[in-house]
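Student: got a sequence here, can you build the structure:
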Amino acid sequence: MAKLSYGQFLWRNLKRRSFRNVATVLTFAVVVCSVLIASFLTEGTSNSTRAGMTRLGADLLVVPQEYASNADAIIITGKPSTFFMNTTEMTKLQAVPGVQRVAPQTFIATLSASCCALPTQLIAFNSTMDFTVTPWLDQELGRPLEKDEVILGYQIKGTDVGQPIIFYGHQFKVAGILQPTGTGVDQSVFVRDSDAIVMARESVKVAWQPIEMNPGQISAILVQLEPGADVQQVSADIAAAAPEVSVITSNHLARKIDAQLASTVGALYLTAGAVTLISLPLIATVSTLVVNERRREIGLYRMMGAKKGFVFNALLAEALILAMVGALIGLVSAAAIVIIFNNTITVSLGIPFLWPGLDAVLLQTWWVMLLTVLLGALSALYPAMMAARSDPYESIRAGQK
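Tutor: Got it, this is the predicted structure:
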């Protein structure tokens, strides 16, 4: 008599019930795909916010109160905007306890450029006071930015290092390209404020729509705090010293992004939860029916020498295989959806996104896959126990009716 093997037993069972198996696999795939997409988006937006604020290199960003939402949009999604305030606000901020130093930036939205079909955000920085772009220049270029040179965000396509690029009729040269952050910084162009002033002056003659920018105007003030200074306390002190400004912190951006993402993530988790609650008892019921249909077959295996543990383990292994296949399909689907529709998701939801590190992705995937396998085992546990405990002779008789 040929020796019974798990492989033969499993293969026969999986092959003979293809419709039931496909439905089970797809159920697990939907659960895993929904949970992983929600997890990837949550971790990706958090990762992007941290990277974006790190790229800004400041603890606080101070902007005119009426343009706080514009500044949020510039940082989060890169939506171009132009607004100004007076440089006198810097003096008020420098006197606030806990403020170590400040640096101005000017935001100018372009209408078009040689690199882009859509408007682009120019960010002009003061090369003398700056403490955000300058460290990157020292590390990557080994020199300061020269006259009419610009630094491109990662998503500014169509122009490479050393090539010319034109804004408001003024020609610049690309000196470098920043690393991705997943935020609006990737869609921005950094330029020296002295060059931006010349560009604005020339735009009256060479651009069909000139820049209306007067001397002494800036858009934002970057604030670096003293070591150990409390961010919330300094923010409150700045608001008291300059009531007409708004203070943006990384926590503020994170809360705003979380609010924009909450409904989508909630819907994904709700979908996964609903599918799980509906599918688990359904899969268990179907498995029980299948076991009842196979009572004669199982009885024959038992009569041929198969132990209770063999039957139990084989049926449980079948459920685990289906759960694992479904989990793998869900994993691949989730990654493909987020990768392919990355821009669509970020634009429609108004959120930044930067893929989490490999360790974070592997950790999230591990927990979701483990949970799925456990759910698969749980759904098949009772049918497998019922089949293993059945009397071989009674099973054969019942299967003949």
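Student: quick one: low-confidence ranges for the stretch 151-300 of the chain?
Tutor: Within the stretch 151-300 of the chain, the ranges that satisfy pLDDT under 70 run 251-262, 264-265, 268, 275-276, 279-280, 282-300.
Student: so where do the strands sit in it?
Tutor: 164-167, 170-177, 188-192, 217-218, 220-225, 245-248 (DSSP state E, counting those that start in this stretch).
Student: and Glu140, which of those strands is closest to it?
Tutor: strand 170-177 (5.8 Å; C-beta to C-beta). Placement of C-beta: from N, CA and C, glycine included.
Student: now the residue positioned nearest the centre of the chain: how far from Pro281?
Tutor: By C-alpha atoms, centre = their mean, the chain has its centre lying nearest to Gly44, at 2.4 Å. Taking C-beta to C-beta, to the nearest Å as the measure, Gly44 falls 34 Å from Pro281.
Student: so this protein: which segments form each domain?
Tutor: 6-49+256-400, 60-248 (automatic domain parsing).
Student: any low-confidence regions in the stretch 301-401 of the chain?
Tutor: Scanning the stretch 301-401 of the chain with the threshold set as pLDDT under 70 gives 301-311, 346-354, 380-401.
Student: circling back: which one of the strands of the stretch 151-300 of the chain lies nearest to Tyr154?
Tutor: Nearest of those (C-beta to C-beta): strand 170-177, 6.5 Å.
Student: buried stuff in that closest one?
Tutor: Residues of strand 170-177 classed as buried: His170, Phe172, Val174, Ala175, Gly176, Ile177 (neighbour count, 16 or more other C-beta atoms under 10 Å).
Student: residues in contact with the first one?
Tutor: With C-beta atoms under 8 Å, 6 or more residues apart in numbering as the criterion, the residues that contact His170 are Asp148, Asp195, Val198, Met199, Glu202, Ser203, Val206.
Student: tabulate those (CSV), appending neighbour count.
Tutor: Converted to CSV, the contacts of His170 look like this (neighbours: other C-beta atoms under 10 Å):
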residue, neighbour count
Asp148, 17
Asp195, 21
Val198, 14
Met199, 27
Glu202, 15
Ser203, 20
Val206, 12
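Student: which of those residues fall within helices?
Tutor: Counting by DSSP state H, the contacts of His170 place Asp195, Val198, Met199, Glu202, Ser203, Val206 in helices.
Student: measure the fifth one to Leu93 for me?
Tutor: I take that to be Ser203. Counting by C-beta to C-beta, the gap from Ser203 to Leu93 is 30 Å.
Student: repeat that for the fourth one.
Tutor: Applying C-beta to C-beta, the value for Glu202 to Leu93 is 31 Å.
Student: same question, the first one
Tutor: In this view, Asp195 and Leu93 are 25 Å apart by C-beta to C-beta.
Student: what's the answer for the second one, then?
Tutor: Here the distance between Val198 and Leu93 works out to 27 Å (C-beta to C-beta).
Student: what's the neighbour count on Ile340?
Tutor: Neighbour count for Ile340, taken as other C-beta atoms under 10 Å: 10.
Student: check Val22 too.
Tutor: Neighbour tally, Val22, other C-beta under 10 Å: 13.
Student: same thing with Leu61?
Tutor: 24.
Student: surely it forms part of a strand?
Tutor: Yes: assessed by DSSP: H, G, I helix; E, B strand; the rest coil, Leu61 belongs to a strand.
Student: with adjacent residues omitted, what lies nearest to it?
Tutor: Ile248 (4.3 Å; C-beta to C-beta, 6 or more residues apart in numbering).
Student: quick check: buried residues in stretch 136-147?
Tutor: Those would be Trp136, Leu137, Leu145, for stretch 136-147 by 16+ other C-beta under 10 Å.
Student: quick check: angle from the helix or strand that contains the second one to strand 170-177?
Tutor: Which is Leu137. Using DSSP states H and E, Leu137 falls within helix 133-140. Between helix 133-140 and strand 170-177, the angle comes out at 60 degrees (axes from the mean of the first three to the mean of the last three C-alpha atoms, to 10 degrees).
Student: just the CA atoms of helix 133-140, as PDB, please.
Tutor: These are the backbone C-alpha positions of helix 133-140, laid out as PDB (Å, rounded to 0.1, in the frame of the first residue of the first chain):
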ATOM      1  CA  VAL A 133      19.600  75.300   1.900                       C
ATOM      2  CA  THR A 134      23.200  76.300   2.700                       C
ATOM      3  CA  PRO A 135      24.100  73.200   4.700                       C
ATOM      4  CA  TRP A 136      22.900  71.100   1.700                       C
ATOM      5  CA  LEU A 137      25.000  73.100  -0.700                       C
ATOM      6  CA  ASP A 138      28.000  72.700   1.500                       C
ATOM      7  CA  GLN A 139      27.600  69.000   1.700                       C
ATOM      8  CA  GLU A 140      26.500  68.200  -1.800                       C
END
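Student: tell me how far that helix lies from the chain's centre.
Tutor: When C-alpha coordinates are averaged (C-alpha atoms, centre = their mean, to the nearest Å), helix 133-140 and its chain have centres 27 Å apart.
Student: using JSON lines, lay out the buried residues of stretch 136-147 together with pLDDT and distance to Pro164.
Tutor: Output for those, formatted as JSON lines (pLDDT from 0 to 100; distance: C-beta to C-beta, whole Å):
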{"residue": "Trp136", "pLDDT": "78", "distance to Pro164": "22"}
{"residue": "Leu137", "pLDDT": "82", "distance to Pro164": "20"}
{"residue": "Leu145", "pLDDT": "90", "distance to Pro164": "15"}
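Student: and of the residues you listed, the nearest to Glu226?
Tutor: Checking the buried residues of stretch 136-147 against Glu226 with C-beta to C-beta, the nearest one is Trp136 at 22.5 Å.
Student: so what's Lys92 up against?
Tutor: Lys92 neighbours (C-beta under 8 Å, 6+ apart): Ile238, Ala241, Ala242.
Student: pull the number of nearby residues for the second one.
Tutor: Counted with other C-beta under 10 Å, the burial measure for Ala241 works out to 16 neighbours.
Student: this completes my enquiry, with thanks.
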